[in-house]
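Enquirer: The amino acid sequence is not available; the structure is as follows:
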Ligand SMILES: Cc1cc2nc3c(=O)[nH]c(=O)nc-3n(C[C@H](O)[C@H](O)[C@H](O)COP(=O)(O)OP(=O)(O)OC[C@H]3O[C@@H](n4cnc5c(N)ncnc54)[C@H](O)[C@@H]3O)c2cc1C
Ligand SMILES: Cc1cc2nc3c(=O)[nH]c(=O)nc-3n(C[C@H](O)[C@H](O)[C@H](O)COP(=O)(O)OP(=O)(O)OC[C@H]3O[C@@H](n4cnc5c(N)ncnc54)[C@H](O)[C@@H]3O)c2cc1C
Ligand SMILES: Cc1cc2nc3c(=O)[nH]c(=O)nc-3n(C[C@H](O)[C@H](O)[C@H](O)COP(=O)(O)O)c2cc1C
Ligand SMILES: Cc1cc2nc3c(=O)[nH]c(=O)nc-3n(C[C@H](O)[C@H](O)[C@H](O)COP(=O)(O)O)c2cc1C
Ligand code: FES
Ligand code: FES
């Protein structure tokens, strides 16, 4: 039986599988349908300093092989999160990665500061939400802004910092290098790709926000490419995500260079997907004579 | 019966439907399977100044809702094209759009010059092929290079110039504005999105070129978004493409702001797709009380 | 709530574009109550998102769920559903949502409104109320035209009033026109139907001084409260979200008519 | 060449992982010849690209195409194909490619090699040759193991020699080992099989001083010569491409063994 443990920025996960921010709530909703103890980590919905209302509806649209969302980072704010969601997650034997969002540098730092004393394992900083005007994408599409906010956050953070990158850029490698220079402990990618759908009967945008973030299997090849390019560009570990449906997709991402993988949209179709991904990776390692999951990271020839 | 004619950069097409460069050869191969006379225009495979061998195989990989290709702009060169393909296309009542590629400014200009005296209707300049190192993408990801090559080509071209844009950029609007400043008569978008596939059994890249250009329905929402953003940014007409399977997809693209639409990967599945798109658009116009196809261009609310 | 494969037992066309499907899904049927829904996953992998469909009826003993749905258009997922045949399997998740709290109705005069494809869940509700209370309540059903569906089945549990948009059956106009016409009153109103109808129901409920509950629709992804895709606006801060928003899939689809903005 | 819906008439498992499918596709069957192939489109819209499968047999009068294919793995498109049932429809495009020019064989001694899933097209070829010439030629078939398929049918048209990788039937080793073993010679060789086998066939063909034709495989998108996805390297500049490249789908899949790099 191959060793499934990974070490990512100093934190040990029992297996390399987590769930994507925003697709799993804070775990509570899916706890009835899947065994949270089976996950290497749970990554929470984006948490802001105060409650956010998010965008108008419709917020969801279906597209071929995926979906668009424009939730707009609705959330109850960090205080409720600390009171309600951390205690819930602490009941499980899994790492807690808190996804952090903000409209401004100060808002990010406020959340990071509030979490400094809390029992969470890692912070994932969302500088790539395409659905909120000031929701971080300004930081996420410009290398020097990305480097700057990373270094600010690093000064405040008590937990390892994962910077979450946007695919809506000319060069993902440049973005990854920028956050690495800023001191990021890891990167996660990809956030959603900006897309649009128009209802031809009503001639209206399918989403109230006009554009939305595309996720699901349709984005997987882009995600694999970006993980590969990032792995060639930086030395910090990568959490790979984007369209992972099953172990095969996850293994592909790891071969491209991801140390860990994250299941997002597929949760909506198969709530046990992340568990099944972990099982499938383990089987693949055993079938192919690997003794540890780390052996397949970046192992594409 | 609504008027299906469009005028794009001074050239009248009998309907707004063409086929994407590289997915229809020079028309010959599909002439047995579809009626070329039914198309507004045929857009040819990329033509270079001399024969190009293209990339190693495998050049094709299947992905969820689409495909990756890394043909690498194989072609017989402009001389053969002029002798063999133009006379073939002239037999049909359709406009001829020649897609032009090159490794350097000089190579582009050579093709443009050679075509100046030929009976072709428009030039589409591919500055966005992700599969050839010097195949134009350097021009296609940087606004000032794009503006520069556009203005050079405009000095030489005798036909209206369509600049074909890459989606692999942070801001498609900036790219479109750049080529508009350079004097482009129209833009076409999107070219393929760079993706990657890894065979987990062999742990090798599915494509010899490692990365490939993703096309097909999976990219459609990204293409619609980029057409919309471009339409907001420039005044020149747009030829919209990316994942169009049927009239509904094409109408969506036109509502987003495309004056014409182009069918690509779907030809491989349904060789009559472009014809059927034209028929479907006409039916939509009639059913919804439009008297001319131009009324739906950019008509999203 | 369970994610399961359900076997299609029976498919029938009830009216133009309206279909019924019976599924064998014992665990889900056992838990179900009126006003809840199930997510249906299509056998077309390009279309990942579930179709939320209300439970029109359920039989916990036989393990059967009954769904009634409208085909929304050419090429839609519901059109694909309508081509499926008995013996085929469908992935479903459910029962989802809160459903109607029938216990509130024990000692009330109840008036039910169902409009269009909002009619099916009200059949299950009428049946539950009848089972609980042994007496018929008033039900107003609004159809587009004389292509009625389910209407006869309601008669076993309720006094049925009908409106049609085109006047080809019952009262011409809305369900409110029909209710006014019949002078219906109550102290508890329960309704499901399109937005404009629900707004009408809200005024009517106010007018007759009743409490009201309505069932809402919104685009969904997860169906379990995790993605925050399906929220509706609320008149007060919601306990879970801490903003003026509630999740239709989890906190609803049935809401106190005063708590939601219609 | 036609894009058409073909009805599945018959499906059978011939050996572990090897399946036969008979399709009713009259226009395609009428045009077909040995060595050509058809594109099969899967009833799964997430998988758009065709599966090119050689025509193993055709009956122009009955309108039937016979295909034999290997399931390449779990979750593959060919696995999905193997779950389809008679009466279902499949989209196909074909016949595609050049096929074998049997007229070249009229006055020649012919030796056929088929390896693995390259065996099925050679059955159609052996049959055509027999029909043309009324005499049997030599056929060498290479299998993995004693799970043979189609082998008996060849015997009606050819003298059959067999090799298996594991020696569990016939000569242990490659088709070349079996050919050498039997001392086969010819002045025309025709072959289909995996790359290493074809390289062996090329040497053998040289050795015995014969002309040779081989059928190649490559990843395809269009199947009609338009996309340039499926090229193979050629030893001389190709007439159509003007580079040392030819399209397997259009200029092949059958090539003069000296024209292609193997
Ligand atoms: C709680 C709830 C209960 C419902 N109960 C019923 C019922 O009993 N019978 C019935 O016919 N309809 C019901 N609906 C509406 C039904 O979900 C939609 O008509 C259906 O999803 C449309 O799918 P489609 O494949 O026809 O449309 P498509 O256009 O193919 O759908 C595209 C996407 O939009 C979503 N969508 C489209 N319209 C709606 C809508 N009105 N509400 C929510 N999502 C939508 C689809 O689920 C899908 O994700 C209910 C909706 C909700 C939220
Ligand atoms: C001219 C020609 C004739 C063929 N004849 C036969 C035959 O008679 N019987 C048979 O079993 N096989 C034949 N093959 C191979 C067959 O096409 C592949 O085994 C099949 O496409 C694999 O599809 P899949 O769904 O199993 O694999 P997947 O991995 O799901 O396929 C993914 C993609 O890769 C392509 N692909 C994978 N392997 C190959 C391959 N070896 N060649 C070409 N494309 C491939 C698929 O078509 C698809 O586009 C032929 C190939 C060619 C080019
Ligand atoms: C409904 C939804 C909500 C999301 N919310 C967040 C969020 O709050 N923060 C964030 O960083 N990413 C968010 N994402 C992006 C995902 O975490 C992930 O990066 C993306 O969906 C790609 O993975 P997938 O294709 O597996 O879904 C959200 C995605 C979806 C679909
Ligand atoms: C096999 C293939 C070859 C292509 N070759 C070219 C080319 O030579 N020049 C070019 O500008 N675009 C080329 N493209 C891009 C298409 O023209 C088009 O921009 C893209 O495929 C998106 O449209 P689609 O999703 O409808 O295919 C090619 C695409 C494919 C799939
Ligand atoms: S559908 Fe996800 S929260 Fe309701
Ligand atoms: S598959 Fe397109 S050229 Fe052969």
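Expert: Yes, it's here. The shown structure was predicted, so the numbers you read here are calculated from the model rather than taken from an experiment. Ligands and ions are numbered 1, 2, ... in the order given.
Enquirer: leaving aside the residues next to it on the chain, what's closest to the residue in chain C that ligand 1 sits nearest to?
Expert: Among the residues of chain C, residue C:77 lies nearest to ligand 1; the distance is 2.5 Å by C-beta to the nearest ligand atom. All C-beta atoms are positioned from the backbone trio N, CA, C, and that covers glycine. Nearest residue to residue C:77, sequence neighbours excluded (C-beta to C-beta, 6 or more residues apart in numbering or on different chains): residue C:42, at 5.0 Å.
Enquirer: is stretch C:29-47 anywhere near ligand 2?
Expert: No: Stretch C:29-47 stays out of contact with ligand 2 when judged by C-beta under 6 Å from any ligand atom, the minimum separation being 13.4 Å.
Enquirer: Report the buried residues of that stretch.
Expert: C:29, C:32-42, C:45-47 (16 or more other C-beta atoms under 10 Å in any protein chain shown).
Enquirer: quick one: which of these is nearest to chain B?
Expert: When the buried residues of stretch C:29-47 are ranked by distance to chain B (C-beta to the nearest C-beta), residue C:46 comes first, at 5.9 Å.
Enquirer: if we can go back for a sec, ligand 4: which of the buried residues of stretch C:29-47 is nearest?
Expert: Ligand 4 lies nearest to residue C:46 out of the buried residues of stretch C:29-47, by C-beta to the nearest ligand atom, at 14.3 Å.
Enquirer: quick revisit: among the buried residues of stretch C:29-47, which are in helices?
Expert: Taking DSSP state H, the ones among the buried residues of stretch C:29-47 that sit in helices are residue C:29.
Enquirer: ok, which of the buried residues of stretch C:29-47 also contact ligand 5?
Expert: Among these, no residue lies close to ligand 5 (C-beta under 6 Å from any ligand atom).
Enquirer: hmm, stretch A:268-281 touching ligand 1?
Expert: No: using C-beta under 6 Å from any ligand atom, we find that stretch A:268-281 stays clear of ligand 1, coming within 10.1 Å at best.
Enquirer: Help me see whether that stretch makes contact with chain C, please.
Expert: Yes: Stretch A:268-281 is in contact with chain C by C-beta under 8 Å from any C-beta of the partner chain, via A:268, A:269, A:270, A:271, A:272.
Enquirer: close enough to count as contact, the fourth one and residue A:34?
Expert: Yes: distance between residue A:271 and residue A:34: 4.9 Å, which falls inside the contact criterion (C-beta atoms under 8 Å).
Enquirer: between the two, who's got more neighbours?
Expert: For residue A:271 versus residue A:34, neighbours defined as other C-beta atoms under 10 Å in any protein chain shown are more numerous around residue A:271 (24 against 21).
Enquirer: Would you mind measuring from the more buried one to residue C:251?
Expert: Per C-beta to C-beta, to the nearest Å, residue A:271 is found 19 Å from residue C:251.
Enquirer: same question, residue A:170
Expert: Distance, residue A:170 to residue C:251, using C-beta to C-beta: 42 Å.
Enquirer: For those two, work out which one has more neighbours and name it.
Expert: Shown here are residue A:170 and residue C:251; by other C-beta under 10 Å, residue C:251 has more neighbours (23 against 17).
Enquirer: which SSE is the more buried one in?
Expert: Counting by DSSP states H and E, there is no helix or strand that carries residue C:251.
Enquirer: In contact with it, which residues?
Expert: Residue C:251 is in contact with C:98, C:225, C:238, C:240, counting by C-beta atoms under 8 Å, 6 or more residues apart in numbering or on different chains.
Enquirer: show me which of those residues neighbour ligand 5.
Expert: Contacts with ligand 5 within those, as defined by C-beta under 6 Å from any ligand atom: residue C:225.
Enquirer: Just to check, the residue nearest to residue C:77 is in contact with residue C:81?
Expert: Yes: counting by C-beta under 8 Å, residue C:81 is a contact partner of residue C:42 at 7.0 Å.
Enquirer: Overlap in contacts, these two.
Expert: Residues within reach of residue C:42 and of residue C:81 at once, by C-beta under 8 Å, 6+ apart, are residue C:51.
Enquirer: Quick check: closest non-adjacent residue to the residue of chain C found nearest ligand 2.
Expert: Going by C-beta to the nearest ligand atom, ligand 2 is nearest to residue C:45 of chain C, at 13.4 Å. With C-beta to C-beta, 6+ apart as the criterion, residue C:45 has its nearest non-adjacent residue at 4.5 Å, and that residue is residue D:46.
Enquirer: How about the residues of chain C by ligand 1?
Expert: Residues of chain C lying close to ligand 1 (C-beta under 6 Å from any ligand atom) are C:37, C:49, C:51-54, C:68-70, C:72, C:76-78, C:117, C:120-121, C:217-220, C:253.
Enquirer: Quick one: the contacts of residue C:251 as a markdown table, columns for neighbour count too.
Expert: Listed next are those as a markdown table, based on neighbours: other C-beta atoms under 10 Å in any protein chain shown:
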| residue | neighbour count |
| --- | --- |
| C:98 | 18 |
| C:225 | 21 |
| C:238 | 20 |
| C:240 | 16 |
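Enquirer: closest to residue B:297 among the contacts of residue C:251?
Expert: For the contacts of residue C:251, the closest approach to residue B:297 (C-beta to C-beta) belongs to residue C:225, at 41.1 Å.
Enquirer: mind listing what the nearest residue to the closest one once chain neighbours are set aside touches?
Expert: Distance criterion C-beta to C-beta, 6+ apart; nearest residue to residue C:225, sequence neighbours excluded, is residue C:250 at 3.0 Å. By C-beta under 8 Å, 6+ apart, residue C:250 lies in contact with A:29, C:96, C:97, C:98, C:224, C:225, C:240.
Enquirer: Let me know the distance separating the fourth one from residue B:209.
Expert: Computed with C-beta to C-beta, the distance linking residue C:98 and residue B:209 is 54 Å.
Enquirer: The third one now?
Expert: If you measure residue C:97 against residue B:209 using C-beta to C-beta, the figure is 49 Å.
Enquirer: before we move on, back to that, so which of the contacts of residue C:250 is the closest to residue A:47?
Expert: Set against residue A:47, the nearest of the contacts of residue C:250 by C-beta to C-beta is residue C:240 (14.8 Å).
Enquirer: Can you give me the pLDDT of the closest one?
Expert: Note on residue C:240: pLDDT of 94.
Enquirer: For chain C, which residues score under the pLDDT cut-off?
Expert: Within chain C, not a single segment meets pLDDT under 70.
Enquirer: in it, which residue is closest to the centre?
Expert: Geometric centre of chain C, nearest residue: residue C:121, 3.3 Å, by C-alpha atoms, centre = their mean.
Enquirer: any idea which helix or strand carries the nearest residue to that residue once chain neighbours are set aside?
Expert: Leaving aside its chain neighbours, residue C:121 sits nearest to residue C:54 (3.8 Å; criterion: C-beta to C-beta, 6+ apart). Using DSSP H and E, residue C:54 maps to strand C:51-59.
Enquirer: just how off-centre is the next helix or strand after that strand within its chain?
Expert: Counting by DSSP H and E, the next helix or strand C-terminal to strand C:51-59 is strand C:64-70. With C-alpha atoms, centre = their mean, to the nearest Å as the basis, the distance from the averaged C-alpha position of strand C:64-70 to the chain average is 10 Å.
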